[in-house]
Each structure stands twice: as C-alpha cells, then as structure tokens.
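Q: Need coordinates for the following:
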Amino acid sequence: MNKLFICSVLFAFSTGFAAAGEKEDAVKLVQNAATAASKDKAAAIAEISKPAGVYVKGELYVFAYDLNGVMVAHPINAKLIGKNLLEVPDADGKLFRKEIISQIKDSGTATVDYKYKNPKTGKVEEKVSFCKKAADLALCAGYYK
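A: From the prediction side, this is the model:
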C-alpha cells in the first residue's frame with residue numbers, strides 16, 4: 001500500500017514537471033520563431049511549415065495565423081494553411097482562435113486554454129497555446145495539460 005502511494009505521488013510530480021517542461025519549450029519555440037519572423041517573415045513561415053524544421057520539438061511545434069485568423073504556417077497539418085479558422089470552435093464550442101487573435105492584437109501575446117484532440121492519445125484533452133505577435137503574425141505553440 002505504501003509503495004502504491006509513493007508511486008502515485010511520484011507519477012503526479014513527474015507529469016507536472018513534464019507539463020512545465022513542455023510549457024517552457026513551447027515558449028522558447030515561439031520566441032525563437034518570433035525573432036526569425038521579425039528578421040525575415042517569408043523565411044520564417046517556410047521554416048515553420050517544415051515537418052522536421054527547427055520549430056518542431058517532439059510533440060511541440062509552432063504554427064502561425066495572420067491577424068485575421070488565417071492559418072499561414074503549420075508543420076503537421078498543411079491542409080489548414082490558407083484557411084480562416086476564426087469561426088472553427090474547439091470540442092466545447094469555444095472560439096479559441098478569436099481569443100488568440102484578440103489577445104495578440106491587444107497585448108502582443110496570448111495564452112489560451114481550449115480542448116482539442118490529442119493525436120497521441122486520440123482523445124479530446126485540455127490544451128494551452130502560448131502565442132506571440134511578430135511581423136503581423138500570431139506565432140503559437142500548444143501543449144496538453
């Protein structure tokens with residue numbers, strides 16, 4: 001019984017640290033992409049769209065919207081590129097992309113919670129995207145809670 005309790009506590013701590021690490025990695029990826037986009041927007045968009053590019057780290061990756069909500073770069077799902085996704089809700093009906101674009105326009109950054117299908121588990125899970133404005137783009141990376 002004590003071993004089970006200890007294992008449960010260790011698991012809880014390890015998953016918490018994993019989420020914290022993913023958050024830090026997501027923020028770093030977005031900041032690096034923002035720096036690149038500020039220097040050369042077209043080159044940054046091209047690199048973000050590469051499935052094995054520098055803005056992909058394991059399960060994390062940067063994606064980008066223009067300030068109207070049109071997906072301009074995505075390394076995993078190229079079918080989204082060119083589509084205006086503002087009116088596409090999450091699993092609970094939340095228009096999270098509108099929230100992202102609104103926060104980006106207001107403050108230059110956004111941190112938005114929503115629910116999205118995790119390709120790893122196949123289940124709808126809670127996700128957080130951190131986004132930063134650069135070169136009239138919303139550059140984002142999301143991680144599952």
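Q: Pretty sure Ala141 sits in a helix.
A: No - Ala141: not assigned to a helix; according to DSSP: H, G, I helix; E, B strand; the rest coil it is strand.
Q: residues in contact with it?
A: By C-beta atoms under 8 Å, 6 or more residues apart in numbering, the residues touching Ala141 are Asp25, Ala26, Val27, Leu29, Val30, Tyr55, Leu60, Tyr61, Val62, Phe63, Ser129, Phe130. Every residue, glycine included, has its C-beta placed from N, CA and C.
Q: Please apply the same query to Cys131.
A: Going by C-beta under 8 Å, 6+ apart, Cys131 touches Val30, Ile100, Gln103, Ile104, Thr109, Ala110, Thr111, Val112, Ala138, Leu139, Cys140.
Q: now, among these, which is nearest to His74?
A: Proximity of these to His74 (C-beta to C-beta) peaks at Cys140, which lies at 10.0 Å.
Q: where's that closest one relative to Gly122, distance?
A: Distance of Cys140 to Gly122, given as C-beta to C-beta, to the nearest Å: 22 Å.
Q: My reading is that Arg97 lies in a strand. Confirm?
A: No - counting by three-state DSSP, Arg97 is located in no strand; its state is helix.
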